[in-house]
Each structure stands twice: as structure tokens, then as C-alpha cells.
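Chemist: Let me see the structure of the following:
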Amino acid sequence: MKDIKARLSQRHEDDIAGWFGEGTRHPGSGNQFTKPLDGRSGFAGEWDFAWDCKAAMPGTQSITITRAMLDKLLEQCHGRRPLLPLRFYDTERGDYRDHHDLVVVRASDAISMVEALDGYR
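Modeler: Sure, this is the predicted structure:
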């Protein structure tokens, strides 16, 4: 099961890095002192995100989010917008039809996104 968990977790991190401006996935999944968290976006300036991915393996019904996890994310994003990507895998295949993806952002960041999108009307 450990190999499956590692493979699916890495796939989640790779997907997030690709979706957020060809971002960078940190080696060791954030266990390096100089590169905390799982990765950061390729966007510069206002829309630069840093993230810590959480994935639920097949058969798992929930992902626990604690205040300590959020505090760590906020502390280690170093001025970037914090992002907590969540993925629920339905099968061990891990293809795009077999999971649900959500992201948790601060309410203030969601408001900024809506305001920026509203400006494009």
C-alpha cells in the first residue's frame, strides 16, 4: 500500500504543479528546510501560490484538516497565497476519471479572485 500511496500522492503534486502556472514541485515533498511545503506556482506577483497537497487513498472517506496544518501552511508560504489542494481517489489507478479535486483557499484570496475575474467582463 505504501508504494500506491507514494505514487498517488506524487501524481497529485505533479498535477497541481502543472495546473498552477507550470509550478515547481519540491523534491522530498516539502521535507527540505529551504523548500518547505509541496510546491509553488509559476505565477509571479499577485497570483503566486504555495501549496501543501493532501490526498485520500481509495476507500478513505475523509481528509482531516487541523489548525496546526493551516498555521504551518500560512507560515511556510512566505508571502505567497496559501493553497491546500485536496484529492479523493476512487481507485488505485489514479486516472482523471477516478478522483475528486478541491482546493482550500483563504476567503480573502477567493474574494480577490472573484474581483479579478469580474474585471474581465
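Chemist: Would you point out the helix or strand in the protein whose mean pLDDT is lowest?
Modeler: strand 31-32 (a mean of 52; mean pLDDT, DSSP states H and E).
Chemist: so who does the most centrally placed residue in the chain touch?
Modeler: Against the mean C-alpha coordinate of the chain, by CA atoms, centre = their mean, the closest residue is residue 85 at 3.2 Å. The contact partners of residue 85, by CB atoms under 8 Å, 6 or more residues apart in numbering, come to 12, 16, 51, 53-54, 101-104. Using the backbone N, CA and C atoms, a C-beta is placed for each residue, glycine as well.
Chemist: So which of those are in strands?
Modeler: 51, 54, 101-104 (DSSP state E).
Chemist: May I see the PyMOL selection of the buried members of those residues?
Modeler: Restricted to buried positions by 16 or more other CB atoms under 10 Å, the PyMOL selection for those reads:
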select buried, resi 51+54+103+104
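Chemist: ok, the ones in strands among the contacts of residue 85 vs residue 67, which is closest?
Modeler: Closest approach between the ones in strands among the contacts of residue 85 and residue 67, by CB to CB: residue 104, at 12.9 Å.
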